[in-house]
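In: prediction below, plus the sequence it came from.
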Amino acid sequence: MLKLREHKELTRDKAIRKAALPEKVTIPLSQHIGKICQPLVKVGDSVKTGELIATLDEKVVFSPVHSSVSGKVIAIDDMPHPLLGRAKAVVIVSDGLDEKIKEQSLSSSQIEQLTPHDIRKIIFDCGIVGMGGAAFPTHIKLSPPKQLDSFILNAAECEPFLTSDERLMLEKTDQILMAVDLMVKCTGVKNVFIAIEDNKPEAIKAFEKRVQGTGYRVQLLKSGYPQGGEKQIISSVLKREVPAGKLPFDVGAVVNNVATAYALYEAVYLGKSLYERVVTVTGDCLSNPQNLLVRIGTTINDLIAECGPLQKEPERIVFGGPMMGLTQYSLHTPVIKNTGGVIFLSEKEIHPPDEAFCLRCGRCVESCPLGLAPCLIGLAVEKKKWDLAKSYGALECMECGSCSYVCPQRRNIVQEIKYAKQRIPQ
């Protein structure tokens, strides 16, 4: 584990604030692991907030997409995408009314009568995906192919700068636990752990108080990076290792993060599709960093308007955390379902490195949470030996960036591994 400078003080004590309704949203049709959705709307159509605008008829891995504002569709075209560079998206001009579709809220007695199948169907219909980064469709994750024994609520939030999950833990504790109840019902597990890093004392107190008498256990984790990785948190909490090429259910566990849990609560209890989320908008370039509740499709320009003005010209704008996040090239890039943070970094913060030759010092090997040899993968990539890169475990890499962080020669090893994944024959 690495001990990083956290930078969380910029937003940690700032309550979630609802952002202004954007004048226009860009809603990508791919915001999940799986096949891209097909639009159900066309240019000129009027839509309401929460309305289904894209889905698939096929039985494949995907998650439906919903409008985040009411207004008119003005384009369906390739647009900037925070992960894919560019991707097909629906562009909607808001009418300013925020007219919502009728949302079907349920009473506590109705919730109790829901079967696991009913819960998963609501989750699917509302477009819930993993919001901690992976964006795996949640209805599939809660349909394990075998019996599990443990559920872990991932409340680590180990990336520097990000505090959106921590604010949800403090402000929506009860709702998150109600969602945990639903996920436990879906999976039939007996052991439930709320895994929180020890650098979040207020969140720990909030959960410890509310889990009394439930059988749920608050599990304290030593703060460090990448503690919040799925395999790392399973190792820390359950002392089980997920083998290479395997998934958490292979060791009897399922993991979901805090933001996903809250979205699941809103879907089942309130009938609300996933059209907005909490995002930490932060960095040394902003005059007023915030934790904002923003509509999906809100662009970087709109975030600057909410948290600016800019104090410095950003050298990089990163979606996600600084370790695993991706640098953006356009101010028109939109927030999507798995955007937990947008960070505006000056040149002083990123201090661009000058790469040098690998020393074979082994620091990247020591820091790798999966026990890989990142330096060897990087050298294989330089020689374009893709089979060799694969044999060294390139496809197993979680892209946490620890190797690049500790490298004394400032080699961008994680970028080389990402490139290898694109080139290795599948």
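Out: Received the coordinates, thanks.

In: the helix or strand containing Y262 - contacts with which helices or strands?
Out: Here Y262 sits within helix 258-270, counting by DSSP states H and E. Of the remaining helices and strands, those touching helix 258-270 by 3 or more Cβ pairs under 8 Å, 6 or more residues apart in numbering; DSSP states H and E are helix 116-125, strand 150-155, helix 164-171, helix 173-187, strand 276-282. Quick note: C-beta positions are derived from backbone N, CA and C, even for glycine.

In: pLDDT of the second one, averaged?
Out: Mean pLDDT, computed over strand 150-155, is 98.

In: same check, this time on stretch 128-137
Out: Stretch 128-137 comes out at a mean pLDDT of 92.

In: after the helix or strand of the chain with the lowest mean pLDDT, which helix or strand is next?
Out: Within the chain, no helix or strand scores below helix 347-350, which has a mean of 85 by mean pLDDT, DSSP states H and E. For helix 347-350, the following helix or strand on the C-terminal side (DSSP H and E) is helix 363-367.

In: can you give the contact residues for that following helix?
Out: 2, 372-375, 402-408, 413 (Cβ atoms under 8 Å, 6 or more residues apart in numbering).

In: for stretch 300-311, same thing?
Out: 19-20, 22, 279, 281-282, 284-290, 292, 294, 317, 328, 330-333, 335, 342, 344.

In: dump the residue contacts of V318.
Out: Residues near V318 by Cβ under 8 Å, 6+ apart: G325, L326, T327, Q328, G341, V342, I343, L345.

In: try V342
Out: V279, T280, V281, T282, I300, L303, I317, V318, F319, V335.

In: measure the first one to E313 for me?
Out: Going back to what we said before, that points to V279. Distance, V279 to E313, using Cβ to Cβ, to the nearest Å: 22 Å.

In: and the two? Which one has more around it.
Out: Shown here are V279 and E313; by other Cβ atoms under 10 Å, V279 has more neighbours (25 against 9).

In: okay, the more buried one: pLDDT?
Out: For V279, the pLDDT comes out at 98.

In: partners of it in the sheet?
Out: Beta-bridge partners for V279, by DSSP bridges, are L292.

In: what about I128, distance to R295?
Out: 16 Å.

In: so for the two, which residue has more residues nearby?
Out: Between I128 and R295, I128 has the larger neighbour count (other Cβ under 10 Å), namely 30 against 24.

In: for the nearest residue to the more buried one once chain neighbours are set aside, give its distance to Q415.
Out: Distances taken as Cβ to Cβ, 6 or more residues apart in numbering place T138 nearest to I128, at 4.4 Å, with adjacent residues excluded. As judged by Cβ to Cβ, T138 and Q415 stand 30 Å apart.

In: tell me which of the two has more neighbours.
Out: T138 (28 against 14).

In: for the residue of the chain positioned farthest from its centre, which non-adjacent residue is spatially closest?
Out: Each residue of the chain has a distance to the centre, and by Cα atoms, centre = their mean the biggest one is for L359: 34.4 Å. Nearest residue to L359, sequence neighbours excluded (Cβ to Cβ, 6+ apart): Q409, at 6.0 Å.

In: residue ranges with poor pLDDT in this protein?
Out: 352-353, 426 (pLDDT under 70).

In: ends of stretch 346-354, how far apart?
Out: 17 Å (Cα to Cα, to the nearest Å).

In: who touches it?
Out: Here stretch 346-354 makes contact (Cβ under 8 Å, 6+ apart) with G283, D284, C285, K312, E313, P314, E315, R316, R410, N412.

In: helix or strand for the residue nearest to the first one when sequence neighbours are not counted, which one?
Out: Spatial nearest neighbour of G283, chain neighbours left out: F344 (3.6 Å); criterion: Cβ to Cβ, 6+ apart. When elements are assigned from DSSP H and E, F344 belongs to strand 341-345.

In: that strand to strand 276-282, inter-axis angle?
Out: Using axes from the mean of the first three to the mean of the last three Cα atoms, to 10 degrees, the direction of strand 341-345 lies 20 degrees away from that of strand 276-282.

In: quick one: strand 341-345 to helix 164-171, angle?
Out: Counting by the same axes, to 10 degrees, strand 341-345 lies at 130 degrees to helix 164-171.

In: what's the domain layout of this structure?
Out: 19-102+273-348, 108-270, 363-423 (automatic domain parsing).

In: what sits closest to F249 if chain neighbours are left out?
Out: Nearest residue to F249, sequence neighbours excluded (Cβ to Cβ, 6+ apart): P144, at 4.7 Å.

In: can you pull the contacts of the one you found?
Out: Contact analysis of P144 by Cβ under 8 Å, 6+ apart lists T187, F249, V254.

In: closest one of those residues to E230?
Out: The closest of the contacts of P144 to E230 turns out to be V254 (Cβ to Cβ; 9.8 Å).

In: G44: neighbour count?
Out: Neighbours of G44 (other Cβ under 10 Å): 8.

In: tell me how many other residues surround the nearest residue to it once chain neighbours are set aside.
Out: Leaving aside its chain neighbours, G44 sits nearest to V73 (6.5 Å; criterion: Cβ to Cβ, 6+ apart). V73 has 20 neighbours, counted by other Cβ under 10 Å.

In: having no further points to raise, I will conclude here.
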